[in-house]
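In: Pasting a predicted model and its sequence here:
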Amino acid sequence: MSDSVPQRIAHLRGEIKRHNYQYHTLDAPLISDAEFDAMFRELQTLEMQYPSLVMPDSPTQRVGAAPRLSFTQVVHRSPMLSLNNAFSEEEVRVFDVRNRETLGVAEVEYSVEPKFDGLAVTLTYRDGIFVQGATRGDGEVGEDVTQNLRTVRNIPLRLDSARLAKPIPLIEIRGEVLMFKVDFIALNRQQADKGDKLFANPRNAAAGSLRLLNSRITSSRHLSFLAYGAGAVEGFILPHTHAEQLECLQKLSVPVPQERHVVHGLDGLLGYYQKIGELRNKLPYEIDGVVYKVNNISQQTRLGYVSRAPRFALAHKFPAEEALTTVLDIEVQVGRTGALTPVARLAPVFVGGVTVTNATLHNEEELRRKDIRIGDTVSVRRAGDVIPEVARILLERRPVDAREFNMPRTCPVCGAHVTKQPDEAIWRCSGGLFCPAQRKQALLHFASRRALDIEGLGEKLVDQLVEQKLVHTAADLYNLNLWALAQLERMGEKSAQNLLDAIEHSKQTTLARFIYALGIRNVGEATAKELARHFATMDNFMTADETRLQLVPDIGPVVAQSITTFFAEPHNVDVIAQLRAAGVQWLEQAENAVQLLPLNAKVFVLTGTLASMSRDEAKSRLEKLGARVTGSVSQKTDYVVAGAEAGTKLSKARELNITLLDEQQFLQLLNENEMSSAAG
């Protein structure tokens, strides 16, 4: 044994440990799965050749990474082991031969299923009730993520035990939390719209979402669960084959993979591998291979385990979905919310079953971090999104004439200025009301319930109006006629007339709703109300500079800059003028009119349930009297209205000695001030 062998083993252990932490704990992989697998297999091979060098803390002797300290630790009743991997038919043949020889049979029956690309978890049920969920962690100890798992909608909180002969006192169900492709695409679109970091793939999105400390955010991420087996069981005997156990779980209303099968021998294994490989791109979730398990449980017991994996199971992984190609050019796409995304135009390359010619570069910071240039040779990876991504560049192949790319300072679609907030990575087009790339989103927002509230103007209808070139901006809605609308698919004369009536009705609105309907970046409903209250007229608002805008409560430099940038585009101002000319109007107030309202500048917080009205109605009546309604109690709060089942806001109000109003007192205050306002 040369001196270089221990050094190589030490280096591999350090690198694998580092990448395990990046992948399992930080959900931020630095290398591809294929590169990691190659390192792991090299370490396994060296340790097999030199068993005296195997250490208890070697990555080959453990699973995953240690749990995060921010979660309570859970000790698994039985270890959650990982699987040995195979990458060739020969390795699968060796697996089958060893099983046949050990069991002394001519042919082995196997249960086979897809290998999900998710995060392994265990669900514990007592008397049919979900009581605890944990991640795999290091195989012995995981993280308690019970509250987050409760938000995964296809995880049953109560097992359907009535379908079995008797209830199960305790069972651990093991499986993977994953994110379906369509949900991953939607999540990354939301991340891009907010200027947040994009997830690399569905697996990282699922893992990152499950480990959030705020389960409300986890709930919004649309995670799913699929079971692959059972762990500890008490007071109940499960069926004697793995396939039947999955059937039993399905009877309990636990989701299991529909693509599972029972096959026989080596031909059955390889045939299933080929079949799933052909279906891979059509499946609703990402997989990175298939799993083979000896079906008979007693045979599994005879085959036993090695240090980190069962002998009776094997993961047969697909080749890495990466390929090398050349960056021919870099262009910019403008998204529906104005976000500018650089996209690499590639020499066509076959990756993961499709020919790829484009790859997303996400944003300018990502492009600079990877140092991607026109002319570079790059490795392209299909990461579950519609557009693949550039995984890495090959610097050694960079040509001398490779060119850097600079983001444009005007929108390539409409020519408007592009801007970037200091705390964001995304450049955005400022031509919100007229930019063709943002047209559909701008119209949907303009017509939404809390904006101009045009009932019946939904996504499918907006698609038709834009595609038929009947509407270019929101102002064009007020020029639509019955005949043109009636010609659209699934409209008809009655539906067309209903829409025209809704459009006509929307002309009578409020200044706050109109401001919100414009879709100005960072101007939400509450901010729009503050702006309307402060400026009283649209002209005052449109001509305000950043200094004057920051005099409005809760408006800082970022929001002020968004507003001035929006009105600096002449086309946006033109569309507003067209809307007003079309008859969209509101009651303009004198500049001091708001100051004369009886509850001007008074800050209210609503908590609990009111019997006489909804919270929206209470908020609306207060705002008409000049009050501000906020969501949290502070020293600036003047009144807290406490309805039935008032929560922590009531306690906070008492601590701060803020005036409390019960429902009767609140109604009296409203009535008195509404009468005063009407009389004035």
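Out: Looks like it came in fine. Residues are numbered from 1 along each chain as shown.
In: what bridges to Ala644?
Out: On the basis of DSSP bridges, Ala644 is bridged to Thr609.
In: neighbours of it, just the number please.
Out: A total of 10 residues lie near Ala644 under the criterion other Cβ atoms under 10 Å. For glycine as for every other residue, the C-beta is placed from the backbone atoms N, C-alpha and C.
In: Contacts only, for the residue nearest to Val177 when sequence neighbours are not counted.
Out: Excluding the flanking residues, the one nearest Val177 by Cβ to Cβ, 6 or more residues apart in numbering is Leu119, at 4.9 Å. Leu119 is in contact with 135-136, 176-178, 203, 206-207, 210, counting by Cβ atoms under 8 Å, 6 or more residues apart in numbering.
In: Distance check, Leu119 against Gly137.
Out: Distance of Leu119 to Gly137, computed by Cβ to Cβ, to the nearest Å: 11 Å.
In: Distance check, the closest residue to Leu579 other than its chain neighbours against Glu331.
Out: Nearest residue to Leu579, sequence neighbours excluded (Cβ to Cβ, 6+ apart): Ala475, at 4.9 Å. Distance, Ala475 to Glu331, using Cβ to Cβ: 30 Å.
In: When those two are compared, which one has more neighbours?
Out: Ranked by neighbour count (other Cβ under 10 Å), Ala475 and Glu331 place Ala475 first, with 21 against 14.
In: wait, doesn't the more buried one sit right on Gly583?
Out: No: judged on Cβ atoms under 8 Å, Ala475 makes no contact with Gly583 at a distance of 10.6 Å.
In: What segments of the stretch 51-200 of the chain are helices?
Out: For the stretch 51-200 of the chain, applying DSSP state H, counting those that start in this stretch gives helices covering 89-103, 146-150, 181-194.
In: And the stretch 451-600 of the chain, by the same measure?
Out: Under DSSP H, counting those that start in this stretch, the stretch 451-600 of the chain gives helices at 459-467, 482-486, 492-505, 511-517, 525-535, 538-542, 546-549, 557-568, 570-581, 593-596.
In: For Asn154, see how far away Asp160 is.
Out: Distance of Asp160 to Asn154, given as Cβ to Cβ: 13 Å.
In: Equivalent analysis for Gln333, please.
Out: To Asn154, Gln333 is 34 Å away according to Cβ to Cβ.
In: Pick out whichever of those two has more residues nearby.
Out: The neighbour comparison of Gln333 against Asn154 (other Cβ under 10 Å) goes to Gln333, with 15 against 11.
In: would that one count as being in a helix?
Out: No: the assignment for Gln333, made by DSSP: H, G, I helix; E, B strand; the rest coil, is strand rather than a helix.
In: What pLDDT is listed against it?
Out: Listed pLDDT for Gln333 reads 87.
In: what's the answer for Leu270, then?
Out: Here, the pLDDT recorded for Leu270 equals 96.
In: Next: the one 3 residues further on.
Out: At Tyr273, the pLDDT value in this model is 96.
In: tell me the phi and psi of it?
Out: Phi and psi for Tyr273, reported as degrees, to the nearest 10, are phi -60, psi -40.
In: Burial check on it, number of neighbours?
Out: Counted by other Cβ under 10 Å, the residues lying close to Tyr273 total 21.
In: likewise the one 5 residues further on?
Out: Under the neighbour criterion other Cβ under 10 Å, Glu278 is assigned a count of 10.
In: just the one 3 residues further on next, same as before
Out: The number of residues packed near Asn281 is 13, by other Cβ under 10 Å.
In: wouldn't Leu346 be in contact with Ile330 here?
Out: No: if you go by Cβ under 8 Å, Leu346 and Ile330 don't touch, sitting 10.2 Å apart.
In: Name the nearest residue to the residue nearest to the spatial centre of the chain, sequence neighbours excluded.
Out: By Cα atoms, centre = their mean, the chain has its centre lying nearest to Leu187, at 3.0 Å. Excluding its sequence neighbours, the residue lying closest to Leu187 (Cβ to Cβ, 6+ apart) is Ala205, at 5.8 Å.
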